[in-house]
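Enquirer: I'll drop the sequence and a predicted model, then ask my questions.
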Amino acid sequence: MRTEKVLIFSDLDGTLLDHYTYQANDAYDTIFKLKKADIPIILNTSKTRAELANIQAELALDTPFIIENGAAVFIPKTTFSTQPADTSSVDNYWVKSFASSRKYWLELLDTVCGDFKHLYQGFSTLTVEQLTKLTGLSADKAAQAKQRQYGEPIHWLGDEKSKQLFIEQLVDYGANVVQGGRFLHLSGYCDKGQALIWLTEQYREHYNQENIYTIALGDGENDIAMLEAAEVAVQIRSPVHDFPTLYRQNRHTIQTELCGPSGWAEAIQALLFSSSNSQLPKKG
């Protein structure tokens, strides 16, 4: 193993969780190895805090996590010895917020997007039953997915041309609209990369060292900022779309042969647990 502190930032749907089953079974052995090696797995996802609480418990993770496409970082208070600057205390977490509340974005939709109302469905307007049919989630998990704090996922019903006009109108009013695996995500100008950079700096200060290596794994367009920000970017093969384009120059990038959690495990095994000790590129 390397002497640097390694941090793993991972998307969920289509990456650590299978696109169809939402299960991480094929990655369990690798997750166990990472825990044994004291390498944090930091979930960085479009999901809500309510969803992450259950997933963290299912995967037995006690690490920080990032919700709603970088809108907020939740750090268990046992992670660092002191509270990071510019964070608030919420239950057993220190929380760093990067975006306005969901209420702000719902009001913006109502104000400026009236001409498009027949072309989309927001999570706030969907019943649990409707969301269950749309996503394949259980009723409990669909209810958790509706508990947004910082933005609004949108199920687009119209054509691509109308979608672009819709996005451009929201952007003109200061919104950020990102295409996820299934939904458009409306929020402020935060992203998974910004959250990765901020949290990495907290680890660097806590461990008082520069040698922190970040590995990011994702499959969708909303993962691009996270992948661009990491030392090592792992693009997980998707069964439903091509690899999004990255613009990393002379930086380590991997595209997996396998999809979802199988590809996730494939990449981590090669990077950290291969017979050559580590495939991570050397700094400097």
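Expert: All right, it came through fine.
Enquirer: how much space between the closest residue in space to residue 60 that isn't next to it in sequence and residue 211?
Expert: Spatially, and ignoring its direct neighbours in sequence, residue 60 is nearest to residue 35 (7.5 Å; CB to CB, 6 or more residues apart in numbering). Glycine gets a C-beta too; all of them are placed from N, C-alpha and C. Using CB to CB, to the nearest Å, residue 35 is found at 21 Å from residue 211.
Enquirer: those two: which has the busier surroundings?
Expert: residue 35 (16 against 12; other CB atoms under 10 Å).
Enquirer: and for the closest residue to residue 134 other than its chain neighbours, the neighbour number?
Expert: Once flanking residues are discounted, residue 134 sits nearest to residue 155: 6.3 Å by CB to CB, 6+ apart. A count of neighbours around residue 155, defined by other CB under 10 Å, yields 17.
Enquirer: pretty sure residue 155 contacts residue 186?
Expert: No. Using CB atoms under 8 Å, residue 155 is not in contact with residue 186, being 11.7 Å away.
Enquirer: which residues do those two both contact?
Expert: With CB atoms under 8 Å, 6 or more residues apart in numbering applied, the contact sets of residue 155 and residue 186 do not overlap.
Enquirer: give me the neighbour count for the residue nearest to residue 163 when sequence neighbours are not counted.
Expert: In space, and not counting its chain neighbours, residue 163 is closest to residue 156: 5.4 Å by CB to CB, 6+ apart. Using other CB under 10 Å, residue 156 is surrounded by 18 other residues.
Enquirer: equivalent analysis for the one 3 residues further on, please.
Expert: The burial count assigned to residue 159 is 9, neighbours taken as other CB under 10 Å.
Enquirer: now it: how far from residue 116?
Expert: From residue 159 over to residue 116 the distance is 12 Å, taken as CB to CB.
Enquirer: show me the contacts for the closest residue to residue 165 other than its chain neighbours.
Expert: Counting by CB to CB, 6+ apart, residue 116 is the residue found nearest to residue 165 once chain neighbours are left out, at 7.8 Å. Residue 116 makes contacts with 158, 162, 165-166, 169, as judged by CB under 8 Å, 6+ apart.
Enquirer: near the residue nearest to residue 112 when sequence neighbours are not counted, how many other residues are there?
Expert: Leaving aside its sequence neighbours, residue 112 sits nearest to residue 173 (CB to CB, 6+ apart; 5.5 Å). For residue 173, the count of nearby residues is 11 (other CB under 10 Å).
Enquirer: for residue 173, give its distance to residue 185.
Expert: 16 Å.
Enquirer: where do the strands sit along the stretch 1-150 of the chain?
Expert: Ranges of strands within the stretch 1-150 of the chain are 5-10, 41-44, 65-67, 72-76, 88-90, 93-97, 120-122, based on DSSP state E, counting those that start in this stretch.
Enquirer: and those strands as TSV, adding mean neighbour count?
Expert: Below are these laid out as TSV (neighbours: other CB atoms under 10 Å):
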stretch	mean neighbour count
strand 5-10	25
strand 41-44	25
strand 65-67	27
strand 72-76	22
strand 88-90	11
strand 93-97	19
strand 120-122	19
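Enquirer: out of these, the one nearest residue 192 is which?
Expert: Nearest to residue 192, of all those, is strand 41-44, at 4.9 Å by CB to CB.
Enquirer: could you spell out the sheet neighbours of the closest one, each with its direction?
Expert: Partners of strand 41-44 in the sheet, by DSSP bridges, are strand 5-10 (parallel), strand 65-67 (parallel).
Enquirer: okay if I get those strands as CSV plus distance to residue 88?
Expert: Listed next are these as CSV, based on distance: least, CB to CB, whole Å:
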stretch, distance to residue 88
strand 5-10, 22
strand 65-67, 14
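Enquirer: which of those strands sits closest to residue 250?
Expert: strand 5-10 (20.6 Å).
Enquirer: what about residue 154, which SS state?
Expert: Of the three states, residue 154 takes strand according to DSSP: H, G, I helix; E, B strand; the rest coil.
Enquirer: what's around the nearest residue to it once chain neighbours are set aside, how many residues?
Expert: With CB to CB, 6+ apart as the criterion, residue 154 has its nearest non-adjacent residue at 4.2 Å, and that residue is residue 184. A count of nearby residues for residue 184, using other CB under 10 Å, gives 20.
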